[in-house]
Every structure is written in structure tokens, then in C-alpha cells.
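A.B. asks: The sequence and its predicted three-dimensional model are supplied below.
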Protein chains: 2
Amino acid sequence: MKRLVYCLICLCVAVMTVSAQEKKAFTLEDVIPGGSNYANLVPKNLPGLKWWGDVCMNAEVEAVKSIQPATGKEQVVFTLEEVNGVLEAARLGKLHHLFNVTFPYADKQVLVSTPTHRVLVDWEKKSVVWSQPIAPHAAHQDWNKESRSLAYTIDNNLFVTTADGQTHQVTDEPKGIVCGQSVHRQEFGIYKGTFWSPKGHLLAFYRMDETMVTDYPQVNTSARVAVLEPDKYPMAGMTSHQVKVGVYNPATRQTVYLEAGDPTDRYFTNVSWTPDEEHLYVIELNRDQNHAQLVRYNAATGAKEATVYEEKHPKYVEPQHTLVFVPWDESKFIYQSQRDGYNHLYLFDTKANVPAARWQQSTRSESTFIEHVQVTPLTEGDWLVQQLLGFCPSRKELLMGTTEVSPLQTSLYRLNLSTLKRTRIGEEDGTHRAQLSASGKYLIDNHTSFSVPRVISLLPTDGKKGRVVFTATDPLKEQYNLPEITLGTIKAADGKTDLYYRLIKPVNFDPSRKYPAVVYVYGGPHAQLIHNNRFYDARGWDLYMAQLGYVMLTVDSRGSDNRGLAFENCTFRQLGVEEMKDQVKGVEWLKSLPYVDGERIGVHGWSFGGFMTTNLMLTYNELFKVGVAGGPVIDWAYYEVMYGERYMDTPQSNPQGYAGSNLKLKAGQLKGRLEIIIGGEDPTCVPQHSYTFLRACIDAGTHPDFFVYPEAGHNMVGTDRVHLHEHITRYFEDHLK
Amino acid sequence: MKRLVYCLICLCVAVMTVSAQEKKAFTLEDVIPGGSNYANLVPKNLPGLKWWGDVCMNAEVEAVKSIQPATGKEQVVFTLEEVNGVLEAARLGKLHHLFNVTFPYADKQVLVSTPTHRVLVDWEKKSVVWSQPIAPHAAHQDWNKESRSLAYTIDNNLFVTTADGQTHQVTDEPKGIVCGQSVHRQEFGIYKGTFWSPKGHLLAFYRMDETMVTDYPQVNTSARVAVLEPDKYPMAGMTSHQVKVGVYNPATRQTVYLEAGDPTDRYFTNVSWTPDEEHLYVIELNRDQNHAQLVRYNAATGAKEATVYEEKHPKYVEPQHTLVFVPWDESKFIYQSQRDGYNHLYLFDTKANVPAARWQQSTRSESTFIEHVQVTPLTEGDWLVQQLLGFCPSRKELLMGTTEVSPLQTSLYRLNLSTLKRTRIGEEDGTHRAQLSASGKYLIDNHTSFSVPRVISLLPTDGKKGRVVFTATDPLKEQYNLPEITLGTIKAADGKTDLYYRLIKPVNFDPSRKYPAVVYVYGGPHAQLIHNNRFYDARGWDLYMAQLGYVMLTVDSRGSDNRGLAFENCTFRQLGVEEMKDQVKGVEWLKSLPYVDGERIGVHGWSFGGFMTTNLMLTYNELFKVGVAGGPVIDWAYYEVMYGERYMDTPQSNPQGYAGSNLKLKAGQLKGRLEIIIGGEDPTCVPQHSYTFLRACIDAGTHPDFFVYPEAGHNMVGTDRVHLHEHITRYFEDHLK
């Protein structure tokens, strides 16, 4: 890993040499998403690039072009005007661009969605092949290309419109019971609530009963008289919602529910269909989140058939991926697990039962597991699989993105499922976002790195040289005077783990000066602030602060993402403690730099980073002079059950851990200047966190500052985001400069 | 008036000369109510002083003394120990002090209230004469000394416990209908909801139906999960509550309601019993508040008997006083009205009907009125009656406090009802809070002024010399180095009206320096910030800011209290406009002072003063650099019906006035630094005011600051108040110094 780091630093220095002094200064409107000039200054992209079989299609505003991966030949296949001509003649609405057209079939048909209809258009014949009305207010639309059935929700209930245009009301539940939508607050990889069987004959869906969950009283102040908009929010240790999985059969208009037993305090995750549509797999997790079970159900009857696999960990197990069946052998599927310390792929052979299965101990982590079918590890090592891209059936290969080269980047690999040999595809360092073609023979590789604004290639997966179809420049780098950004590692507080840092020096850096410095922090699980990507992921605000004369530091401390299970779960039951120790290591290193004024260190972060910022200002109150904490967690007892209890258990079972991370109890320790900023209707870190903290400070006689963005949620977006960063900047300018 | 001003300035200068430089500096804990040392530094008082017939009783913690006004002879009449001995023997509870004992009868009985009982104790015989249980959670207790019946509320319903201990549930209304409590949001002089007839046989009470009023969603964040605590809050122009007046007869256990007709959009104010208990008077007001009617009802049947008097004004009529019957002729009562431009007393003779009554025009104001009985003005002139203290029947005199000497002070007068000759009682300038003895022959005169910390005298009302019973010192003045405080007048923006100002120079004033200055402002009706009183009413924070080196100015602009109707109602339908012009006159004068830095002018105010502060920061954004606005009105459409519509009419009928005073529409004009501070559950200026203003500023790209005191109401009290003033001070220190 070190090799890469230094290599990247070289790149950076090389790039930075180009930044001549005569270039322009930028404003927050230039560098903050939502700013009036932001979109003009980021490297361009081709957002509509997608596969039609093995032909790459570039869907843009006015036209869709085909690009042949073998020859590079480009051709306009149809235009917006042509599609709208067809749509308008049939009175099926109109499109404003072609970005979202899809190519579900092998023939010359394109699927488009207007506000009122889903339509298959034949682009050669310029005719409507088929259309389906979309009900007004239909949300969470989920369309199956085989049956052409559409699932959707209206309010809290689920509906289906079949290919013939008939509408089925699948559920008729009272308010408080939500069907067909994401459950468990989007944890465990859940992002939707409907799951069509592969051929579209059956629809699995979530049904969530929230009637027993406490309402959090959010208030919308924009009405004539402010109105209550209550939000079901189960807080750590309190009564949670109950989830069931139903299966609806449009042919019989019947629903069966999986016979999973009492749903109290259980999570039903990663619903997966077998290719034959006869079975459903669900990964089930207990409320303590330390015991996952892979269970198979009969899709027709809902009966429980078998528990195929179980996994435990003394801290937590976190299933996040649905099963992926091997296309050339539907009795096998890929299961992803961190049981060996990093997220890896395991091949489950459902035909190979293990009759005398017993609990086993991982040799690489504290996990234990029991395999009731034969399981073959496909990958292993101190790196992790980030993305399973699909398969190349002709070569019996699996395609994936992994951190094997560096945890700072995603590299592409093919893995032979017979030999388990894996081969890197492409050699360019940086981040590769890829889409696999139908045959698995080609990848659209969207490549970015610190030194590469963007290069999009069509890559043969067999290792042959790819074909570049798009190269972007970086207008911000070209036109503006940017700061020097470097990357490196320091040792964590455990004395052994390498932590990545990103350091930004002030624009027009003068080594003889003493600059104030600000740490931008997150520190929580599932986030990593530093990648081998544009500016090493430095945000526009970091650049802006560097332009104003601040040194900016970010350290991805223990507890953060892409470094494996032990790196993450060392924070278990005591969030903040180890993370802060690592941040302090970063600050100690910062203070060792001759051009940093150690008396003027600030800190800023949002959400978990707001928790960290507030905690650092209170706990290390001699180290930090000024902090701005956005949407902070103040007391994990106010956070929700799923995320909160995974890392903290419950307030009842871990009173010491909750007390140790309850920032209200440290309110009297505030010495520097701390501003708390929240969205007035934050549904994630509810406003109660910050209000109870202010109350604790007032009672303790300390003086934080506070600001609220009324009507905003957990994050400020659009022009609010520019305003927010003006506000944050002003606070540091007022008090740290 | 000018004579007084200069006279007061002389006093002030004389006093200030005594403030030697070697005295101590004070902290906010010393000078802010709620501060740990505040109570030690204010002039002492005798809070338990009251009359027993014509004997003055001094009720203190441990003992009650009698003081004979004629001789000054003092004598302990009973002790706490003795009273508690009697109470505890009878198992009737215990008192912690004697401040609240009262002397309702001419014999040797004292009325005390323990948490569980109301008890009459004979202090000579040391025995319980009578006792009455108090129901747990009984609120709004109202006891009648003649019948010894107690009226009280539990939740929203009204109860009576009669002298024999029997409990009557008077009303049994569902939630949303409130009985026996104050109505119309405490406007129109209303402060309670029960009215015993003089002999205690009948109980008049308010019944308020709020079911049709919109809930304002207040949120209490101190619960385990934040909880909604909705508050019925009728906003300007919206549906208001409906009030009825009931009369309960404990003897028959029957209630009749006054037959007042449809209660929609009407105010029923100043409920008054006739001495014979046979009739009730109510002053009824239309929703537009420009037409008051004095109506008499039959108390036994509820039938409407007569409209005795009516008054109109093109802007508003504001009845605030109950009728007071003349003790020696119960067919006559005193009515208070501003119909001649100032609050004056009018004698109504109910026996002298005026058969051909017609509308008349006041010669001194725009008021018109119709008198159906004979009305004799008792007082007149460009000053007002502040308090009707009672009567001296033997001399046929009325006793009152008025502003005749100066609007800055209350002076005591007796008025002969036959000759209408009025004679001042006592000659000391300043504020006189008085209690009249049973015969009307003596006053307890609690006198304070700029130069007099406190002198309490027993004053014969016949003009003879009084007897001083208590003299206080001012520990703050004696021990601490205080700033120089002066008083004067400037011309209002109308070019003719004199406005009073109070100017505080920095402690250890150096005329060669240039000081920043802060205007402390209120500006709304019913408030006057400057009196001939301790520090001319300057608050501890003003002194503290002067100690920190600020010049502090306050101007009572047009629209404020005690200067008459035209002075107040020039702001009608356009709140803020004239008031701000006058404040600007103050600032122009301030900037003319050689020691004021005109580039560093700040402004601070709360409630209406928060509205003024915000408005000044936006409207006169070149004049003010820093402002702190507490609990501000931002948009009068969010304020309540009674106060709001009196001064602004409705948003429907006065769209231009509402737009002109809607500070959201000026959000883009913010140039200086403005902090808004609110109580998180402010029930008066609901949080929506400030949140919508922040949203407007964010959308307009301007940057106010904000702070909230969670769980607090419209004002911060106790230790919160000290914290608040530290917070406000810091804002000026950060940005104005």
C-alpha cells in the first residue's frame, strides 16, 4: 500500500506544479454542489451510457448513439424528436431528454417512461410496440421486463399493473402499515420494498407494521400555521416496527406471507429469488444483530423450507448483499460475508447438503458459522470485494471490483470460478465504476483518479486493450489557482494500524508563515473520506478554506470503511472513543508541521462527523479552539434502532457505553467556540439531539452557538448548501483566524 | 414636564458623584434577575405589608407585626411557630413563611393556605376557627370571604367547594372547552376566569370553546422521545375561540349562561357584579375592536337587560377595567375610558336614565360614545389615571394613582366626588405603589425613585404627614462602581412630540474616547422603559454593558405606554413604521455625541423589541452594525387575534400593512450582524416567526445568527436569564467592539 501512497503523492506534486499563480480565485458558487457555477467546473460525464446486449449505447439529451466495442464505430440510432413523434402521435406524453431510456430486449425496442405511461418504442419502425398507463401519484415503481408488470405504491399500499393494463390493489392496510417500500430504515443493504421473481410471475414485497413505534414530532413551519408532520422513529432500546415478506401472485390475485414466525425484534433482509421462481431466500437477523440466518422459503405456500447457513459474531454481523445465482448452474449462488474479516465471495452449492453440519470458527476473525450446504470461498485476503459486476458465462468467470490494489481505490478483476484465479482488468490506478455487457465480454469502465479527471473506456474482459470513448478535462484545475493536496499515512492510536490522511496546504503557500488548520472529520462506519479520486475526495469547501489560508486535514480513522471488520468494529459499544484517539494522532502530526499554528486548530464534520466534532471540542478541549458540528448525534439513545444498536447495543444492555458517548454529560467541558447546525426537520439525527445538548450547555453555563436551516432535512442541498458553507466559513473566519 | 426632567438629572448627577472609582466591578450574577447574587444587591422590601382594617400588618417569615399608623407602635401579634402549632395539631399542614397570610375579617382571624387546606386561625385563642380542604391539583383558586366558597379548576373544568366542605362540579366539558380560566389571551385586562358575587352566593365564570381554533404544534424535547404539546393559538385573521359567561348558583346547583347571542368574533370583558348580586355588567367588544358596549344582564336568569353605554373609535377601543361601585351609593359606579384621549374616570349614575340618548363626539379625541345613563367625567386632562385605589367613604373621596405630575411616575391623589377637587397626597417625586386601608384613611405608600432606593410610609389620606416604617439602601449603588445615568427628551420624528430617553455612559467614562453604543428598545404598546425609578428603570444588563465600555441608550418612542391614546395609536395598521422613525431620531442624537463612535451602533430588544431590532437592522441597515433580537414578531399574521388585530386589523383587511411589517420580505436587506434568540416553546411569539425568517434569509442569501433556549417560553427566567445575557453580551463583544 505504501508504494501506492508515495506514487500518488508524486502524481499530485506533478499536477500541482501546473497550477500557476495567475489562475483565478474561486468562490463557493464554483465549488459547492448547488452553487450557480458548480456544474460547469466538474469534469464532464456520459450519464446515459449503458449496454444493449454487447453494444454500448450512449443516451444523451437529443439522441442515442450506438458504439461498437470491437470497432469503436459510432452511429446515431434514434433521436429525441423521433421518440417524441411516436409518443405524441399515440398521446402517451413526451420526454425532455433520452438519458433514462433503457434497452431491456435484444430486438430494436427501447423502454421509456413519460409522466403517464411506460412505453416500448420500436426505433426502426418508429412505432409503439406496447404501453402501460402509470397511475397518478404512483411511487416506488418497479417494472419487470419479462412479464411487463409494474409494481408501485400509492401512500402506504401496494399496487400492480399487469402488461394488459389491469390494476390490482395488492394490499389494503390502514395508515401505520407500509407495504412495498424499503424497511428497517434502509440498513442491511435494503433500498426497496418490491422484488419481482425473475420471470415476473410473482411479486415479493415488504409489509412493515409501524403502529407500535413512537412518533417523532417533526414540525413544518412553512404552513400558514406550523403543522405537525410526525415520523415513525424507533429509538435505540425502544419498541421497533415489525416486518413481514409477502408474495403476490397476479394470476390468482392471492398473497401468501412467508411463515417466518413472530416478527418482533427481527430483521428480514436481502430478499432473493431462485431463478426457477419457486423459492425465496431471506437473510434473517436477530435484534442484537449478532446472528444471521440464510433461510429458504417456498414461494407458493410461504412455508419455511430450510436454514442453509448461519453466521455469528460476538460484536455484530451485517448482511448487505442479495444472493447472486450463477447463470450456468442455477443450483449455485454467491453469498457475500465478512466472516473472514473482509467482505468476500462464497459459492454456495444448494445441491450439496452437509448433513452433519457444525459450527465452525473462522481462522481470520471472531466469526463463527454453520454451513448446511457446501460452501466454497472464492476470494480471500486482507482486501475486500466492493462490487459483484456479473458473469462471463462463456469463460465461466465472475467480474468484480475490489480494494486489492489499495483500499483507496476500486480495481476491476475477473475471477475464474473453476480455478479461482483472478486477473486484474486494466492497470490504471484510481476508481473504476463499471457496467458489464450482456455476454460479460465487455465493461464500460468509468475511470477517475487524482490525476485523471475522467476516462471512459470499453474494456474487453479478456484482458485485451480497451477503447477510450470519452476523456474529460477538469475545468476547475485548468482555470483556477488550486491548493496543493497530498496523501500519506500516520499510525493510529493503537500504534500499528496505518491511517490515510489528506493534507491541503493553503493556496499560494508560504512555508515561513503559521497557518490556522481545520480538521474535516467523519469517522463513522460505512464512510471513507479519502480515495484515489479527484482531489483525493477533498470537497469544494476544503479547497475554499485552503484558498482563505487554512491548512485542511482529513484522517480516515479506525471505524471507517473499506479496511475490514476489525478496523471497523474496534469501536463497538463505545462509539467515538477510538475514533477520537486517531483524530488526535492526526492533530499531533498536524501540530508538528512547521507552518501550522498549533494554537489555532479547528474541526468540522456532519452527522457522525458532527458527533465527532462536538465530542472532540468537549473531550480534547485544549486541542481544538473552534468547531462546527452539523446534524450531530448527541446521545445514541436518540438514534434509531438498526444502525444504533448494531454499534452500541441498547441503552439497557450497555448503559456505560451510552453514558460515555452521551455528549450532554460533557456539556460543561466546552471551552472553545462550537457551533451546532441542523436541518429543522432532520429525520435522521432528529432535532432533539441538538436541542437537549443546548439545554445541557445552558444548564452547565457553557456557550455553544447554534444555527438551523428551517424546512431542511439531514443535509442541506441546492442553494442551501452554498449558504451553509458560507455560514460555516464565517464561523471559522470569526473565531479561528 | 421639563422642569421634572432637569430636576431628575440634577438628582442623578448628585448621586453619581458619590460613585467612587475604588468601588467594585459587578458581574451578570450580581445584576441579572436569576443571578446568584442578584437578590442581595437590590433594595430590600417588605413584601408582606397589608392592611387589617386600619391597622398595618407586616407579615414576614417568622412573625406578623402590627403597626399602628397613628402612633407607629409596633407589636408582634403572632408567630409562624404559633400558627404551625395550631395547624399541625389539627393535621392541616404547615407554612414555611407568613408572607401570604391575609386578614379578611374584622376580628382576630387570619386566613392561611397550606398545600391541603384553607384555614382560618384565631391568633389570640390559638385555635382553628374553620377549615376547608383543597382538592389535589386545584388550580386558579378563587375564595370568597363572605360565603367562604372556593372556586377552582381541575384541567379544563370548574369546581366549587362550599364552606361546609361540599364539592360541586360546575362544568363537565370535553377537552377543548376551558371553564373558569382567563380568556381572550389575557387581553382587555382579563387575568382570571371566576368572579364571585360580592356576598359569594353566585359565581360568574368564563367558558371558552377553543375546539375551532388551530393548534400550534409546540414540541417538548426534554422527554425520552420529544413530544407534541399543541397549543390553541388563533392567528390574526383566522377562526377564533368563542366565549360565554356562566353564573353558577351553589344553592341550587344550577348554571345559567348570559343571553349574549352568537359569541362568534366577540370579546366579553371586565365582568362586574352589582353590589346587590342581582346584575352583571360585561363590556362587550366586536372583533374589529372599535365598538365597546357596556351591557347589563340579570344574574338569576341570564337575560340581557340593557346596554348602558357604547363607545367607538375609528382605530380601536380598549376596555381594560372592571366597574367599581361607589360604596356609599350603590347605584353609581366608576367606568374608565380613554375616550377623551387619556385614561380617565367617569361616574355612571344607573338611576338617571337618558331616554333620548344619542351618539356624541369627544372634543379631545376621535372617539364617539352614547350614554344611556347619566355620565359625569371625574377627571380630565393630558395625563392619565393609572390606578383606582379605592374610596374614603367618610370624606366621599376616591383615591388614585396618576401621571399628572409626569408620565414617568405615579403620584397619589384624592378626588372629592362632590367637588371633583383633587389633592396630591405626598410630594415626593417617583413611583408610589399604594394600598388603601379599609376606611380609606391611610395608605401604605411604597415609594421608590431614581434617588430613593425605597421608603415605605403609612400616609394619612387627609394630607397629614406620614410615618416612615421602612427605609432601604441600595447595596449595588453603595458597593459597586456604577455608570452615570441621565434622562432627557428629544423630539419625535413628527417634529413636535417630546420623547424621553435614558442615556448610560460607560463606567469610568473618558470623554476623549469613542465608545460603541447599543440601543435597548421595546417600542410597543403597554410598555414604558423609562420611569423615575431605580436607575430610571435601566436593567442590570444595561449597567453591565456600560461597565464593558458601551454607551447605552433607550428611547420610549411613540406607540409606547402612559402618554395617551394619540401617542399610542399613531402606529395603527402599520406597526413599526413610526416607532422606528423615533428610534432613528434617538440614534441621530446619539451619533451627535462626541464620545460615541457612530460606526459602531448596536440594537437589542425582546418581543416587540425583537421585532423592532430586526426591523431596524433590515430597514436602517446603514445605521446599525449589530443587533440581537429576542423572541421577535416577524410577521403579524403569525401573531394572535386579540393583540394583533387591535393594532393591525386582519391580514385580509389590511394586506398592505401586513406586508409592510412582514420582515421576511426584507430578509435580503440584512447587512450587519443580527442574532435572533428564541425560547424553544415560546407560546407568545411562536417559533414559526423566527424559523420562517431564517428560511427567508437563507433563500435571500443573507446571514443572520440564531440561538434557541430549548424548553423555554417567551422569556428566559432563572439561571437561563444570566446565560442569555452572557450570550447577548458575547455577540456584541464579538462583533461591535
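C.D. replies: All right, it came through fine. As the structure is a computational prediction, the values presented were derived from the model and not from experiment. Numbering: from 1, shown residues only, chains lettered A, B, ... in the order given.

A.B. asks: Just give me the residue closest to the centre of chain A.
C.D. replies: A:His526 (7.8 Å; C-alpha atoms, centre = their mean).

A.B. asks: Backbone dihedrals for it, both of them.
C.D. replies: Dihedral pair for A:His526: phi 70, psi 20, per degrees, to the nearest 10.

A.B. asks: next one: A:Leu616
C.D. replies: phi -60, psi -40.

A.B. asks: Roughly how far does it sit from B:Trp541?
C.D. replies: For A:Leu616, the distance to B:Trp541 (C-beta to C-beta, to the nearest Å) stands at 33 Å. Any C-beta I mention is one placed from the backbone N, CA and C, and that applies to glycine too.

A.B. asks: and stretch A:31-38, which residues are buried?
C.D. replies: Within stretch A:31-38, the residues that count as buried by 16 or more other C-beta atoms under 10 Å in any protein chain shown are A:31-32, A:34-35, A:38.

A.B. asks: Show me the helices in chain A, by range?
C.D. replies: A:2-18, A:28-31, A:38-41, A:80-89, A:475-479, A:540-547, A:565-569, A:577-592, A:608-619, A:641-648, A:655-660, A:688-700, A:719-735 (DSSP state H).

A.B. asks: Of those helices, which is nearest chain B?
C.D. replies: Closest approach to chain B among the helices of chain A (C-beta to the nearest C-beta): helix A:688-700, 4.0 Å.

A.B. asks: export the closest one as PDB, just CAs?
C.D. replies: Below are the C-alpha coordinates for helix A:688-700, written out as PDB (Å, rounded to 0.1, in the frame of the first residue of the first chain):
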ATOM      1  CA  GLN A 688     -33.900  16.600  19.800                       C
ATOM      2  CA  HIS A 689     -30.200  15.700  19.800                       C
ATOM      3  CA  SER A 690     -29.100  19.300  19.400                       C
ATOM      4  CA  TYR A 691     -31.800  20.900  21.500                       C
ATOM      5  CA  THR A 692     -31.100  18.700  24.500                       C
ATOM      6  CA  PHE A 693     -27.400  19.500  24.100                       C
ATOM      7  CA  LEU A 694     -28.100  23.200  24.000                       C
ATOM      8  CA  ARG A 695     -30.200  22.800  27.200                       C
ATOM      9  CA  ALA A 696     -27.400  20.800  28.900                       C
ATOM     10  CA  CYS A 697     -24.900  23.500  27.900                       C
ATOM     11  CA  ILE A 698     -27.100  26.300  29.200                       C
ATOM     12  CA  ASP A 699     -27.600  24.400  32.500                       C
ATOM     13  CA  ALA A 700     -23.900  23.900  32.700                       C
END
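
A.B. asks: which outside residues touch it?
C.D. replies: A:216, A:614, A:632-635, A:638, A:663-665, A:667-668, A:670, A:676, A:678, A:703-704, A:706, B:221-222, B:225-226, B:680, B:707-711, B:719-720, B:723 (C-beta atoms under 8 Å, 6 or more residues apart in numbering or on different chains).

A.B. asks: Repeat the analysis, applying 7 Å as the threshold.
C.D. replies: With C-beta atoms under 7 Å, 6 or more residues apart in numbering or on different chains as the test, helix A:688-700 has contacts from A:632-635, A:638, A:663-664, A:667-668, A:670, A:676, A:678, A:703-704, A:706, B:221-222, B:226, B:680, B:708-711, B:720, B:723.

A.B. asks: Over to stretch A:157-170?
C.D. replies: For stretch A:157-170, contacts defined as C-beta under 7 Å, 6+ apart pick out A:132-133, A:135, A:147-153, A:171-173, A:179-180, A:203, A:205, A:248, A:250, A:253, A:255.

A.B. asks: and chain B, which of these contact it?
C.D. replies: Restricting the contacts of stretch A:157-170 to those touching chain B (C-beta under 7 Å from any C-beta of the partner chain) yields no residues.

A.B. asks: Can you say which of these are buried?
C.D. replies: By neighbour count, with 16+ other C-beta under 10 Å, the contacts of stretch A:157-170 hold A:132, A:147-153, A:171, A:173, A:179-180, A:203, A:205, A:248, A:250, A:255 as buried.

A.B. asks: In space, what's closest to A:Asn446 - neighbours in sequence excluded?
C.D. replies: Excluding the flanking residues, the one nearest A:Asn446 by C-beta to C-beta, 6 or more residues apart in numbering or on different chains is A:Arg433, at 4.4 Å.

A.B. asks: Report how many residues lie close to that neighbour.
C.D. replies: Here the number of neighbours of A:Arg433 (other C-beta atoms under 10 Å in any protein chain shown) works out to 14.

A.B. asks: All good on my end, thank you.
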